[in-house]
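*Asks:* Curious how this folds, go ahead:
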Amino acid sequence: MPGSLGRFLLFTSAALMLAGIVLVLVERYRIPVLGRLPGDIRVERPGYSFYFPWVSFVALSLVLTVILNLILRLWRR
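*Replies:* From the prediction side, this is the model:
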(Lines give C-alpha, C1' and ligand atoms only; values in the text may rest on other atoms or scores of the structure.)
Protein backbone atom coordinates (compact mmCIF):
# COMPACT_ATOMS: atom_id res chain seq x y z
CA MET A 1 0.00 0.00 0.00
CA PRO A 2 2.68 2.61 0.82
CA GLY A 3 4.39 1.94 -2.53
CA SER A 4 1.25 2.70 -4.49
CA LEU A 5 0.75 5.96 -2.59
CA GLY A 6 4.34 6.91 -3.36
CA ARG A 7 3.84 6.19 -7.06
CA PHE A 8 0.65 8.21 -7.09
CA LEU A 9 2.40 11.19 -5.50
CA LEU A 10 5.30 10.94 -7.97
CA PHE A 11 3.01 10.80 -11.00
CA THR A 12 0.87 13.65 -9.67
CA SER A 13 3.84 15.89 -8.93
CA ALA A 14 5.41 15.10 -12.33
CA ALA A 15 2.13 15.93 -14.08
CA LEU A 16 1.80 19.21 -12.18
CA MET A 17 5.40 20.14 -12.95
CA LEU A 18 4.90 19.37 -16.64
CA ALA A 19 1.70 21.42 -16.70
CA GLY A 20 3.52 24.34 -15.06
CA ILE A 21 6.33 24.21 -17.61
CA VAL A 22 3.84 24.13 -20.47
CA LEU A 23 1.94 27.11 -19.05
CA VAL A 24 5.14 29.14 -18.64
CA LEU A 25 6.22 28.38 -22.21
CA VAL A 26 2.78 29.20 -23.60
CA GLU A 27 2.77 32.53 -21.80
CA ARG A 28 6.33 33.38 -22.78
CA TYR A 29 5.88 32.67 -26.49
CA ARG A 30 2.24 33.84 -26.60
CA ILE A 31 0.95 30.65 -28.18
CA PRO A 32 -2.83 30.80 -28.60
CA VAL A 33 -4.14 27.75 -26.79
CA LEU A 34 -7.15 26.96 -24.67
CA GLY A 35 -9.82 29.60 -24.75
CA ARG A 36 -8.74 31.16 -28.02
CA LEU A 37 -8.90 28.31 -30.50
CA PRO A 38 -10.70 28.62 -33.83
CA GLY A 39 -14.22 27.33 -33.34
CA ASP A 40 -14.71 28.70 -29.83
CA ILE A 41 -17.99 30.61 -29.77
CA ARG A 42 -17.79 34.29 -28.84
CA VAL A 43 -20.69 36.71 -29.17
CA GLU A 44 -20.21 40.33 -28.09
CA ARG A 45 -22.96 42.93 -28.30
CA PRO A 46 -23.40 46.20 -26.44
CA GLY A 47 -24.26 45.29 -22.88
CA TYR A 48 -24.01 41.55 -23.55
CA SER A 49 -21.25 39.05 -24.09
CA PHE A 50 -21.35 35.29 -24.40
CA TYR A 51 -18.36 32.98 -24.62
CA PHE A 52 -18.40 29.20 -24.94
CA PRO A 53 -15.01 27.55 -25.61
CA TRP A 54 -16.32 24.21 -26.90
CA VAL A 55 -13.32 23.46 -29.16
CA SER A 56 -11.01 24.12 -26.21
CA PHE A 57 -13.07 21.71 -24.09
CA VAL A 58 -12.82 19.00 -26.75
CA ALA A 59 -9.06 19.52 -27.15
CA LEU A 60 -8.50 19.44 -23.38
CA SER A 61 -10.60 16.30 -23.09
CA LEU A 62 -8.57 14.52 -25.77
CA VAL A 63 -5.24 15.48 -24.22
CA LEU A 64 -6.31 14.45 -20.72
CA THR A 65 -7.70 11.15 -22.02
CA VAL A 66 -4.38 10.28 -23.67
CA ILE A 67 -2.36 11.30 -20.60
CA LEU A 68 -4.56 9.39 -18.17
CA ASN A 69 -4.52 6.27 -20.37
CA LEU A 70 -0.72 6.37 -20.47
CA ILE A 71 -0.50 6.81 -16.70
CA LEU A 72 -2.93 3.97 -16.05
CA ARG A 73 -1.05 1.64 -18.41
CA LEU A 74 2.24 2.44 -16.65
CA TRP A 75 0.55 2.05 -13.26
CA ARG A 76 -0.69 -1.50 -14.04
CA ARG A 77 2.75 -2.82 -15.00
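
*Asks:* On the pLDDT front, check residue 1 for me.
*Replies:* Residue 1 is assigned 54 on the pLDDT scale.

*Asks:* ditto for residue 60
*Replies:* With respect to pLDDT, residue 60 has a value of 83.

*Asks:* again with residue 44
*Replies:* 92.

*Asks:* Which of the three states applies to it?
*Replies:* Of the three states, residue 44 takes strand under DSSP: H, G, I helix; E, B strand; the rest coil.

*Asks:* Neighbours of the residue nearest to it when sequence neighbours are not counted, how many?
*Replies:* Distances taken as C-beta to C-beta, 6 or more residues apart in numbering place residue 50 nearest to residue 44, at 7.9 Å, with adjacent residues excluded. Bear in mind the C-beta positions are built from the backbone N, C-alpha and C, glycine included. Residue 50: 9 surrounding residues under other C-beta atoms under 10 Å.

*Asks:* Can you name the residues that contact residue 50?
*Replies:* 41-44 (C-beta atoms under 8 Å, 6 or more residues apart in numbering).

*Asks:* what's the distance between the residue of the chain positioned farthest from its centre and residue 73?
*Replies:* What lies farthest from the middle of the chain is residue 46; by C-alpha atoms, centre = their mean that is 32.3 Å. Residue 46 sits 52 Å away from residue 73, going by C-beta to C-beta, to the nearest Å.

*Asks:* cool, residue 60 as well?
*Replies:* Applying C-beta to C-beta, the value for residue 60 to residue 73 is 20 Å.

*Asks:* Between these two, point out the one with more neighbours.
*Replies:* A direct count of neighbours by other C-beta under 10 Å for residue 60 and residue 73 places residue 60 higher, at 14 against 9.
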